[in-house]
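Visitor: next one to model:
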Amino acid sequence: MMSETPANGAAHRLPLFYNRLEPLHVERHAALALHQAGYGFAKDATGIPLAAEEFGMAARSLPIVFAPQAPFMPIALLALTPGQSHAVTADGHWQQGVYVPAYIRRYPFLLARTSEGSEEMALCVDPTAAAFSGEGGEKLFADGRPAPVTDRALQFSRDFEVAMQRTRAMVEALTAAELLQPGVVQFHINGQPRRVDGFRAVDRQRLAKLEAARFLELRDRGYLEPIYAHLVSIGGVPELARETQLQG
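Guide: Now for the predicted structure:
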């Protein structure tokens, strides 16, 4: 989980896309200004963390699966092969009509613990991000105080953390119900059989046979909509494979 990454980043693997993490501070970052730099930072990504509340929107353009290992958090697939993204063009633009996950929209900001074991959270930045290079943009501080762009980044980062906490609760419920099982998608491209695996997915048969009390619990907790969005979205895996073949 992103909030478990210490702000200093020392001796810890940084989250996807982040090269450095520094707690935002007026003295250290007074000169930083945010501007549009495209999505080139995500061009090699195959999967992006996704919150449960995003499933309905993301499922229209991105397959949604669950990580193969515990804690089985959900992932939106951008590609099956690094560098052959369904979402990011060669020049760093986002493909029209493809959903942009909140994880990507949050970058280069991140809400992180100030130190390992601490409950205190701080808004951090990756100062190496292309969005902080070049001229112009919105300064992060004005007259020694956080500027509106910083306030928006803080609120968005807080909302994302809350959404991921709710997502973790959903995944725990699906795991307890033994619904998340190893997934496989089999199909043909140009008459040749293909197989994509290495992920977890909700098992349709187990879901259909779930005892009524547990099924109603999933319904009452609002988990059925993301479950069905996930199941429908997996139908997009063959298209990702076809795009990989065309780009290869």
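Visitor: relative to V237, how far out is the residue lying closest to Q186 once chain neighbours are set aside?
Guide: Leaving aside its sequence neighbours, Q186 sits nearest to R195 (C-beta to C-beta, 6 or more residues apart in numbering; 5.1 Å). Where you see a C-beta, it was placed from the backbone N, CA and C, and this is true even at glycine. Remark: distance between R195 and V237 (C-beta to C-beta, to the nearest Å) = 10 Å.
Visitor: compare the two (neighbour count), which wins?
Guide: Legend: neighbour count by other C-beta atoms under 10 Å for R195 and V237, higher for V237 (21 against 9).
Visitor: what's the neighbour count on D159?
Guide: Using other C-beta under 10 Å, D159 has 15 other residues around it.
Visitor: mind listing what it touches?
Guide: D159 makes contact with no residue under the criterion C-beta atoms under 8 Å, 6 or more residues apart in numbering.
Visitor: could you list the low-pLDDT ranges of the protein?
Guide: 1-12, 114-115, 117-118, 244-248 (pLDDT under 70).
Visitor: from A163, how far off is the residue sitting nearest the centre point of the chain?
Guide: Central residue of the chain (C-alpha atoms, centre = their mean): P49, 2.4 Å from the mean position. To A163, P49 is 10 Å away according to C-beta to C-beta.
Visitor: what segments of this structure are strands?
Guide: Under the criterion DSSP state E, strands of the chain are mapped to 22-23, 33-34, 47-49, 64-66, 74-77, 109-113, 121-125, 138-139, 141-142, 145-146, 180-189, 192-202.
Visitor: and the first one, which strands flank it?
Guide: Sheet pairing of strand 22-23 (DSSP bridges) gives strand 121-125 (antiparallel).
Visitor: quick check: angle from the strand it pairs with to strand 109-113?
Guide: With axes from the mean of the first three to the mean of the last three C-alpha atoms, to 10 degrees applied, the angle from strand 121-125 to strand 109-113 works out at 140 degrees.
Visitor: now do the buried residues in the longest helix anywhere in the chain.
Guide: Counting by DSSP state H, the longest helix found in the chain is helix 148-176. Using 16 or more other C-beta atoms under 10 Å as the test for burial, helix 148-176 gives 149-150, 153-154, 157, 160-161, 163-164, 166-168, 170-171, 174.
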